[in-house]
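Enquirer: After the sequence you'll find the predicted model.
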Amino acid sequence: MLEMKNVSGGYGKRIVVSEINALFSKGEITSVIGANGCGKSTLLMLAAGLITCDTGTILADGEDISKLSRNVLARKLSYLPQMKNPGSISVRSLVSHGRFPYLGYPRRYTAEDKRKVDEAMSLAGVSELADRNFGELSGGQQQRVRIAMTLAQDTDIILLDEPMTYLDIRHKLEVSELIGTLREMGKTIVAVMHDLDIAFACSDKIAVMNGGRLTAFDLPEAIAKSKSFEDALGVRALYSGEFGRYFFVK
Amino acid sequence: MAGNRTVGRVFGCMGILIIAAVIGICSGTQWISPVKLAADISADGLSPDERIVLYIRLPRVLAAALAGAALAVSGAVIQSVLGNPLAAPNIIGVNAGAGLFTVLCMALFPTAVKMLPAAAFLGALFAVMTVYGIAKKTGASRMTIVLTGIGVSSLLNAFIDTVTTVFPDSLAGISSFKAGSFAGVTVGKLFPAWIFIAVGIAAALMLSHDLDVLALGENTAASLGMNVGAVRFGCLAAAAVLAGAAVSFSGLIGFVGLVVPHISRKIAGSSENTAVLPVCTVLGAAFLIICDTLARTLFSPYELPPGLVVSYIGVPFFLWLLIRKKGASHNA
């Protein structure tokens, strides 16, 4: 469970998001949507504790994240940004880096760490890629490996920044299925989503952002009918019973 | 993760290092056969050959090995922290910073020879922090970091030339310093630099796992619980200690810090520092011993500055790298 209470913040003196109040529940996927530059990613970085709030508090399982050490926070909450290219590294090594918050010094992996890494790779369906070089994989495989790293981190709260961008449709659906599995495990999942089709199809709740503010936070059905959605995205959502999904028109 | 494969490769490189060291000790204006040398060592007293080896060649080989290992590891660490395969200590001004503080120390405190490594370290740290600070402030791209470094490097070199012009007397050997040289090095002169180098390499190896996590990106590393600022400062400080200590006794030898890390990544089969840094340490030492041996013997009895031989090998490699990198988006 992740709760944001009256949160404002940004970079230095520039406030990007203001007065955010939201409760992200356990076992739910919440997609954050909005036009480019509306503050979606900033919201996620605030929630991850990567930038500090100017006002307000963020509670992870009831604990104020600003009072937790980086290391303790990293065992409660993981954040998957659009990662820069990690260079030439094996899939197993990359996924193992998810265990960083649990490592003592010297940085040796315990049997427990190795087991968690194996579990994470098997859950993300990348076990057979373990010895491959990350750079040689397809975009979809790379994204599943990144998610496996997040799974190895073994946190209750998972924040994903555009987990499906640059993926082709088949891989998008694969990743969305994987995120669905995480929900079944009772994780709290917050994802910045660019693709409305996927956001409406896989989310339990949708958070709409507009001009740095959270203008709507509700079930997908309710968001589809709301004025806030239309204002923020500049499109309307139409439900087609025949296809069982939403279509977006101007 | 350093596996058995890495250990095997490090041992392979050690073989090269030992062969390079033996050849380096035996060759010079006059070849001394290792078999005869072994016989001399077991006999009483010091033969003339033994004296040559003990007082001239061995210190040189040691100096080249120390400087090579230090510059190579320094380069690998800086490249990893800045996320830039072209950021070697000589290119981004770290060597020049160390050089400036070294010549300043030589000019202002001519008797404080033992202070040189510390002065060089401060200069190197100053340069690397300046480049890093500018890169951070401007959110600089890879190319901007290199350009910033070249600018800082030129400025520092201009300062070096100014100091050497103003203090010509206390800096008589400056031309060999600028080209890089091991001529006239003694075991005594390597102290305390070798301690700096031992500490710097140990620190770099201890930080190698964290460096790998940092290479995933600042945000990823922070969200994995790392204190990014502290780790990055620690890594850059270790790199500055290494480059500074090497410059303090060998002068401005360039390109080792660029070439060796790249070859090491190829040999290690990975860009993970846990695997690359051990290979880099051994290979850097071997590479500079080979360059220095060539420098001493190619035009014997004339001696080329070893920095020149490094440049002959290093610059074409650097250009090839630039051409090849143009299409590729990540370092192999």
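Expert: Happy to help now that I have it. Numbering: from 1, shown residues only, chains lettered A, B, ... in the order given.
Enquirer: How about the contacts made by the residue lying closest to A:Lys225 once chain neighbours are set aside?
Expert: Nearest-residue entry for A:Lys225: A:Ala237, 7.8 Å, with adjacent residues in sequence omitted and distances by C-beta to C-beta, 6 or more residues apart in numbering or on different chains. For the C-beta atoms, the positions are set from N, CA and C on the backbone; glycine is no exception. By C-beta atoms under 8 Å, 6 or more residues apart in numbering or on different chains, the contact set of A:Ala237 is A:Leu196, A:Phe200, A:Ile223, A:Ala224, A:Lys225, A:Phe229, A:Tyr246, A:Phe247, A:Phe248.
Enquirer: Can you give me the buried ones in the helix or strand hosting A:Ala237?
Expert: Assigned by DSSP states H and E, A:Ala237 belongs to strand A:236-240. Residues of strand A:236-240 classed as buried: A:Ala237 (neighbour count, 16 or more other C-beta atoms under 10 Å in any protein chain shown).
Enquirer: Provide the strand pairings for it, with the direction of each partner.
Expert: When pairs are called by DSSP bridges, strand A:236-240 turns out to pair with strand A:245-249 (antiparallel).
Enquirer: Name the residues that touch the partner strand?
Expert: Applying C-beta under 8 Å, 6+ apart, the contact partners of strand A:245-249 are A:196-197, A:200-201, A:220, A:224, A:233, A:235-240.
Enquirer: just checking, A:Thr155 touches A:Tyr79?
Expert: No - with contact defined as C-beta atoms under 8 Å, A:Thr155 does not reach A:Tyr79; the gap is 9.2 Å.
Enquirer: So these two - more neighbours on which side?
Expert: Taking neighbours as other C-beta atoms under 10 Å in any protein chain shown, A:Thr155 and A:Tyr79 compare with A:Tyr79 leading, 26 against 22.
Enquirer: Next, count neighbours for the closest residue to chain B within chain A.
Expert: The nearest approach of chain A to chain B comes at A:Ala74, 3.1 Å away (C-beta to the nearest C-beta). A:Ala74: 24 surrounding residues under other C-beta under 10 Å.
Enquirer: That one and A:Gln153 touch, don't they?
Expert: Yes - in terms of C-beta under 8 Å, A:Ala74 counts as a neighbour of A:Gln153; the distance is 6.9 Å.
Enquirer: Find the residues that touch each one of these two.
Expert: By C-beta under 8 Å, 6+ apart, A:Ala74 and A:Gln153 have these common neighbours: A:Phe100, A:Pro101, B:Leu224.
Enquirer: so what's the first one up against?
Expert: With contacts taken as C-beta under 8 Å, 6+ apart, A:Phe100 has the following neighbours: A:Ala74, A:Gln153, B:Val213, B:Leu224, B:Gly225, B:Met226.
Enquirer: Now tabulate those residues in a markdown table and tack on distance to A:Ser138 and pLDDT.
Expert: What follows is the contacts of A:Phe100, written out as a markdown table (distance: C-beta to C-beta, whole Å; pLDDT from 0 to 100):
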| residue | distance to A:Ser138 | pLDDT |
| --- | --- | --- |
| A:Ala74 | 29 | 95 |
| A:Gln153 | 23 | 95 |
| B:Val213 | 24 | 94 |
| B:Leu224 | 25 | 94 |
| B:Gly225 | 30 | 93 |
| B:Met226 | 29 | 93 |
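Enquirer: which of the residues you listed lies closest to B:Trp320?
Expert: Nearest to B:Trp320, judged by C-beta to C-beta, of the contacts of A:Phe100 is B:Val213 at 30.6 Å.
Enquirer: Touching, the closest one and B:Ala222? I think so.
Expert: No - using C-beta under 8 Å, B:Val213 is not in contact with B:Ala222; the gap is 10.0 Å.
Enquirer: pLDDT score assigned to B:Pro34?
Expert: On pLDDT, B:Pro34 comes in at 83.
Enquirer: wait, does stretch B:255-265 contact chain A?
Expert: Yes - looking at stretch B:255-265 against chain A by C-beta under 8 Å from any C-beta of the partner chain, the contacts come from B:Arg265.
Enquirer: Tell me the gap between that stretch and the middle of its chain.
Expert: How far stretch B:255-265 lies from its chain's middle: 10 Å, per C-alpha atoms, centre = their mean, to the nearest Å.
Enquirer: Identify the residue nearest the spatially most central residue of chain A in space, chain neighbours excluded?
Expert: Among the residues of chain A, A:Leu160 comes closest to the average C-alpha position under C-alpha atoms, centre = their mean, at 1.7 Å. Nearest non-adjacent residue to A:Leu160, counting by C-beta to C-beta, 6+ apart: A:Ala191, 4.1 Å away.
Enquirer: who does the one you found bridge with?
Expert: A:Ala191 has these beta-bridge partners by DSSP bridges: A:Ser31, A:Leu160.
Enquirer: Contacts only, for it.
Expert: Neighbouring residues of A:Ala191 by C-beta under 8 Å, 6+ apart: A:Ile29, A:Thr30, A:Ser31, A:Val32, A:Leu159, A:Leu160, A:Asp161, A:Glu162, A:Pro163, A:Ile179.
Enquirer: Look up how far A:Val32 lies from it.
Expert: As for A:Ala191, its distance to A:Val32 is 7 Å (criterion: C-beta to C-beta, to the nearest Å).
Enquirer: Any idea which residue of chain B lies closest to chain A?
Expert: Chain B approaches chain A most closely through B:Gly225 (3.1 Å), counting by C-beta to the nearest C-beta.
Enquirer: you'd agree that residue is up against A:Lys76?
Expert: No - B:Gly225 is beyond contact range of A:Lys76, at 10.2 Å (criterion: C-beta under 8 Å).
Enquirer: follow-up on the earlier one: pLDDT added to the contacts of A:Ala191, as JSON lines?
Expert: As requested, the contacts of A:Ala191 are arranged in JSON lines below (pLDDT from 0 to 100):
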{"residue": "A:Ile29", "pLDDT": "96"}
{"residue": "A:Thr30", "pLDDT": "96"}
{"residue": "A:Ser31", "pLDDT": "95"}
{"residue": "A:Val32", "pLDDT": "96"}
{"residue": "A:Leu159", "pLDDT": "96"}
{"residue": "A:Leu160", "pLDDT": "94"}
{"residue": "A:Asp161", "pLDDT": "92"}
{"residue": "A:Glu162", "pLDDT": "90"}
{"residue": "A:Pro163", "pLDDT": "89"}
{"residue": "A:Ile179", "pLDDT": "92"}
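Enquirer: Give me the next element, helix or strand, following the helix or strand hosting B:Cys13.
Expert: Taking DSSP H and E as the definition, one finds B:Cys13 inside helix B:4-26. Following helix B:4-26 in sequence order, the next helix or strand is helix B:34-42 (DSSP H and E).
Enquirer: Can you list the neighbours in contact with that next one?
Expert: Helix B:34-42 has contacts (C-beta under 8 Å, 6+ apart) with B:Val22, B:Ile25, B:Cys26, B:Ser47, B:Asp49, B:Glu50, B:Val53.
Enquirer: Narrow these to just the buried residues.
Expert: Among those, those classed as buried by 16+ other C-beta under 10 Å are B:Ile25, B:Cys26, B:Ser47, B:Asp49, B:Val53.
Enquirer: would you turn the contacts of A:Ala237 into TSV with pLDDT and neighbour count?
Expert: Output for these, formatted as TSV (pLDDT from 0 to 100; neighbours: other C-beta atoms under 10 Å in any protein chain shown):
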residue	pLDDT	neighbour count
A:Leu196	91	19
A:Phe200	91	22
A:Ile223	92	24
A:Ala224	90	19
A:Lys225	90	12
A:Phe229	91	26
A:Tyr246	88	19
A:Phe247	89	14
A:Phe248	90	15
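Enquirer: and of the residues you listed, the nearest to B:Met115?
Expert: Nearest member of the contacts of A:Ala237 to B:Met115, counting by C-beta to C-beta, is A:Leu196, at 65.3 Å.
Enquirer: Give me the distance between the closest one and A:Ser228.
Expert: For A:Leu196, the distance to A:Ser228 equals 14 Å [C-beta to C-beta].
Enquirer: Good, we can wrap up now.
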